[in-house]
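J.: what's the 3D shape of this:
(chains A and B)
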Amino acid sequence: MANANHATPLADGQGAGLLQVGRTDLTKPIITIAVLAASLVILVLFGGEQVFPESITRRFAFVDWVNQAEEWLQANFRWLTRGISDGILLLLEPLEEFLWFAPWPVVVLSFALPALAYGGLRLMLLTIFCIVLWAGFGMWDDAMTTLAMMIVAVSICVLTGIATGVLCARSDTVEALVRPILDTMQVMPAFVYLLPAIFFFGTNAAAATIAVMIYAFPPVVRLTNLGIRQVPPTMMEAATSYGATRWQLLTKVQVPQAMPSILLGINQTIMMALALAVFSTFVGAGGGLGDQVWKAITKLKVGWSLEGGLCIVTMAIVFDRLSQAMSKPPETIKLAPGEMLFRLLPQSWEKFAPCRWVESGIDLIWQGTAAPGRALAAAGGEWVARHIHLVMGACILSAIYLIDAWFWSVGSYPRAWEFSIREPVDAAIDWLTVNPAFIVVTKTMKAWMYLYFLNPLDHFLTHLPWWYVAALFTGGVWMAAGWRLALAVLVSLMFCGAAGLWDLTLYTFAGTVVSVVFCLLFGIPLGIWAANSKIVDGVLRPILDLMQTIPTFVYLIPALFFFGGSPTTAIFATVIYAIPPIIRTTALGLKQVPADIEEVTRSFGSTRLQALWKAKLPLASPSIMLGINQTIIMALAMQTVTPLVAGLGLGKEVYDAMNTADTGKGLAAGIGIALMAIMLDRLSHAMTANQRRALGLS
Amino acid sequence: MKKLGLTALVGAVVGMAMSVPAQAGGVLKVPVPDWTGGAVTCEILHTMLEGHMGFKVKRITMPSGSALDEGMRAGDLDFGCERWPGYDATKDKYVAEYGGDGSIVYYAPTGIVGQSGYYVPRYLVEGDGALAPDLKSWEQMNQYKDLFKTLESGDKGRLIGCPVAAWECEDAKRLETLGVDFVVTELGSETAHFAEMQAAYKRKEPFIAYAWEPHWIFAVMDLVEVKLPEYSDDAWPASDWGADVTQWYGPKELADKHPEIVALMNKVRLTNSESAEMMLRIDEKGEDMEDVVTEWVEKNEDRWKAWLTN
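T.: Okay, here's the model as predicted:
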């Protein structure tokens, strides 16, 4: 989630801060140990099951207030929300019908041709493979429904998001106002708003589209804002001095300059929209890949749900690769004299003769198909020549349409070409489920995590007096990030306490801490390994992509089979979901450390390990901190689904509230999760800022 | 030109066909239950509505529960099939008999009667090497509690209890009152509940779990009930469950909008055994639900014909 939210490019590493980092400062460890000791004493003296003062929780009837407000809104504002959903359906339904009834090659080529134009043959083949997979698994119609929803949701997000981003970039007040709203949108569990959305927006695809938009909207706003703010002031001055109006300044200078950043935002928005695609089934959107995944998991069919999940993953891959290819300038490959340009195989294989034969064949076809295009460009004048890809694409698509309508009906994907991975996947899962050695490993892991991490931490936090925990958190944050944030933390804690969520909040906190610790324990070494080995990096990369885009529901069932249902299983599922960013950012941070740093340290006689430990890791630490930050947010986002596998805490409260249609209760717990995420985010940012200053990077 | 003319003709015909109001009954939007038994019940009613009453039913996949109520209250969903009052977490909010505002109505029993209980796998109590041969009822549970111990349950046994907090199960209270030294694990969702049971079953591990009939899980696992004291209002929850008489239900507007559907609901009665048989064929033998239901319709012509006559 939100890879690029805080994508501050790592500044050139400078050695200046190294000395400061090397110095050992004993104050902090001493304070930490003292506080821990004091806490243990307090635990022994005052410890026990803790309750927030009832006199406060009774008066703070947040749940009732929200439910009354909801009733009022239901009575008075439904015409407005229904109008909005009618508008969305007006866009969505024709698109969906078009995609359903279009001959399937037209849909394939609508993506494959742009892929060819922007990314070459390799991207085109990847795109075709991904899209044919939807049909191959027999989920074409559902994929088209999801695709239509994605297109509409993302288009609306992009249009309104860029406008909001521009407004934010113009005014600091607007930005300060919008930022917490965006944060809340991203971390608020979807189950909080899915149920009320049904009444307001209907049991249809419009409600699902709106839910998707709530989650996917923030990145494009953030990155538009960031991009425009990073436009060099000199450039603006130059434009103003030539007499540009504000509108011209915006459309001719700021937006074009910020385009790479905006495109990254759009890319992120698409990824997040797809991450929520599965939830469409919860509002009865009618069809879609979410239905397939849900039907499969309610019947415990892992293979089937994996097929549905893979359709979503491949959709994400198509959108991701295509939008990246479109936003980058065309790659120019430097060829040695006499070397042949490879279109399909890796260029480094050029030395092998058989590969050259294959490529010659491809080249022949390439030139052959390009010839009519060139002829058309020559004949059609300047406009055609400039938009030759577009014109050719339109010609091909119309040709298929004509053939389909007049001569030979292409229709839908032939059933005989369908294939399935259900049986082998189910067999593999079954085999693991009953494999004694594997189960011993999973059970040991589970026991270990429960006995040494989750249980002690949870017990510790929930048995300390509430006023002491509140003071501890506030004081700690004060020391780390100043009084403003400390005050915000205190207010948040009081909210959770007054809303009657004290122990749930602390449990969620403990679970998040344990998940994040496990992510770091495994993620940082993996990241270091990936930074040092191209092979590991190459293997890891697609796996991480898969882990981030596959619907979490898909791996919940195997997790249950292997670990059994328990809060500890929920922690494992959270680790799987939240580990990718820390691996990625560790690898990225280490790779960005200039090579001469290692040379210098090595020339002073340090070993490779020392160079890594004393020089490279500290320099990469801002990047790693960014990864930790994202891992924390994702671990909290996982609160949305862990209640389905016996996870406890605020997420469960939200889920129970949905089951009993209690919006107020769900919202209170949802706000608790959002507040925790925002506080942890701000805290890690403040700490990163300190770190960066210490390193002389900012 | 001939083809163009033909296309225009076809287009005109299609256009005319579409402009005529679809059918006498109109289009209904109905959520399909996400468990096989409920889906079968629903499909039989749909067959009647589509085949003999001129409706077209749009079947919506969505998780059962509160979301369906919201859809019905908002007027987007027309009715629902097979509601289990015991698992209805919102009935005290929406169903008048239970103190709700009356926006959702239980129209008539479906004939399917649910029965909940605690179950153990047969391999645990029967055959050679059975680990708990004497486990017949709650009275022997303490004797075997070590078998069911887990890390989280400490010295006590572990019961895989009712998965959803809002269902009427009262597992913890029942065990406490009966003096059974077990802790209850609530797995959060029906899916997690049966996933856990299925994995333990495949590994032949001991487990004791809450389950209810009719359910597809009995088609894939051989389970034996552990008896509880007989149900009575006074003893509850220290007793077995009462019968859960499942209901056809819908928004209160259904009675005005489509009285003929309510009239049909009042007649359609299925039985547990026929539902269980169809479930078995669908879930264990992998047959298509439509085929199974069509076969039922062919075989039971007398019964459904009587439902359709006024």
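J.: I figured residue B:172 was touching residue B:162, is that so?
T.: No - the pair residue B:172 and residue B:162 fails to qualify as a contact (CB atoms under 8 Å) at a distance of 9.7 Å. C-beta here means a position set from N, CA and C on the backbone, and glycine is covered the same way.
J.: Looking at these two, which is more packed in?
T.: Taking neighbours as other CB atoms under 10 Å in any protein chain shown, residue B:172 and residue B:162 compare with residue B:162 leading, 25 against 16.
J.: Enumerate every residue touching the nearest residue to the more buried one once chain neighbours are set aside.
T.: Closest residue in space to residue B:162, ignoring its immediate chain neighbours: residue B:169 at 3.3 Å, by CB to CB, 6 or more residues apart in numbering or on different chains. Listed by CB atoms under 8 Å, 6 or more residues apart in numbering or on different chains, the contact set of residue B:169 reads B:116, B:161-162, B:210, B:237.
J.: returning to what we had before: give the residues shared as contacts by residue B:172 and residue B:162.
T.: residue B:184.
J.: Under the pLDDT cut-off, which ranges of the chain? List them.
T.: Looking at chain A here, since you left the chain open. Residues of chain A that meet the criterion pLDDT under 70 lie in A:1-25, A:47-50, A:330-333, A:695-698.
J.: that answer is for a different chain, and I need it for chain B
T.: For chain B, counting by pLDDT under 70, the residues that fall below are B:1-24, B:310.
J.: Could you check how far residue B:252 is from residue B:104?
T.: 7 Å (CB to CB, to the nearest Å).
J.: Ignore what I typed, I meant residue A:509.
T.: When residue A:509 is compared with residue B:104 (using CB to CB), they lie 38 Å apart.
J.: can you give me the strands for the stretch 151-300 of chain B?
T.: Counting by DSSP state E, counting those that start in this stretch, the stretch 151-300 of chain B has strands at residues B:157-160, B:182-185, B:208-213, B:223-226, B:244-251.
J.: element containing residue B:115?
T.: Assigned by DSSP states H and E, residue B:115 belongs to strand B:104-121.
J.: Output that strand as PDB, nothing but the C-alphas.
T.: Output of strand B:104-121 as PDB, limited to C-alpha atoms (Å, rounded to 0.1, in the frame of the first residue of the first chain):
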ATOM      1  CA  ILE B 104     -37.700  -6.600   7.800                       C
ATOM      2  CA  VAL B 105     -40.400  -9.300   8.100                       C
ATOM      3  CA  TYR B 106     -40.100 -13.000   8.500                       C
ATOM      4  CA  TYR B 107     -42.900 -14.100   6.100                       C
ATOM      5  CA  ALA B 108     -43.100 -17.900   6.500                       C
ATOM      6  CA  PRO B 109     -41.100 -20.900   7.500                       C
ATOM      7  CA  THR B 110     -39.200 -22.600   4.700                       C
ATOM      8  CA  GLY B 111     -39.600 -26.000   6.200                       C
ATOM      9  CA  ILE B 112     -35.900 -26.400   6.800                       C
ATOM     10  CA  VAL B 113     -35.300 -26.700  10.500                       C
ATOM     11  CA  GLY B 114     -31.800 -26.000  11.800                       C
ATOM     12  CA  GLN B 115     -30.300 -27.900  14.700                       C
ATOM     13  CA  SER B 116     -27.100 -26.800  16.400                       C
ATOM     14  CA  GLY B 117     -24.800 -28.900  18.600                       C
ATOM     15  CA  TYR B 118     -21.300 -29.900  19.500                       C
ATOM     16  CA  TYR B 119     -19.600 -32.500  17.300                       C
ATOM     17  CA  VAL B 120     -16.500 -34.600  17.300                       C
ATOM     18  CA  PRO B 121     -15.000 -36.600  14.300                       C
END
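J.: right, and the helix or strand after it?
T.: Immediately after strand B:104-121, counting by DSSP H and E, sits helix B:122-125.
J.: who does that following helix touch, helix- and strand-wise?
T.: Applying 3 or more CB pairs under 8 Å, 6 or more residues apart in numbering or on different chains; DSSP states H and E, we find helix B:122-125 packed against strand B:223-226.
J.: Contact residues of the stretch 251-400 of chain A facing chain B?
T.: A:281-284, A:286-287, A:291, A:294-295, A:297-300 (CB under 8 Å from any CB of the partner chain).
J.: what would the residues you listed look like in TSV with secondary structure, distance to residue B:33 and neighbour count?
T.: TSV is the format used below for these (DSSP: H, G, I helix; E, B strand; the rest coil; distance: CB to CB, whole Å; neighbours: other CB atoms under 10 Å in any protein chain shown):
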residue	secondary structure	distance to residue B:33	neighbour count
A:281	helix	14	26
A:282	helix	15	23
A:283	helix	16	31
A:284	coil	12	27
A:286	coil	16	20
A:287	coil	17	22
A:291	helix	14	25
A:294	helix	12	25
A:295	helix	11	18
A:297	helix	15	27
A:298	helix	10	22
A:299	coil	13	17
A:300	coil	17	23
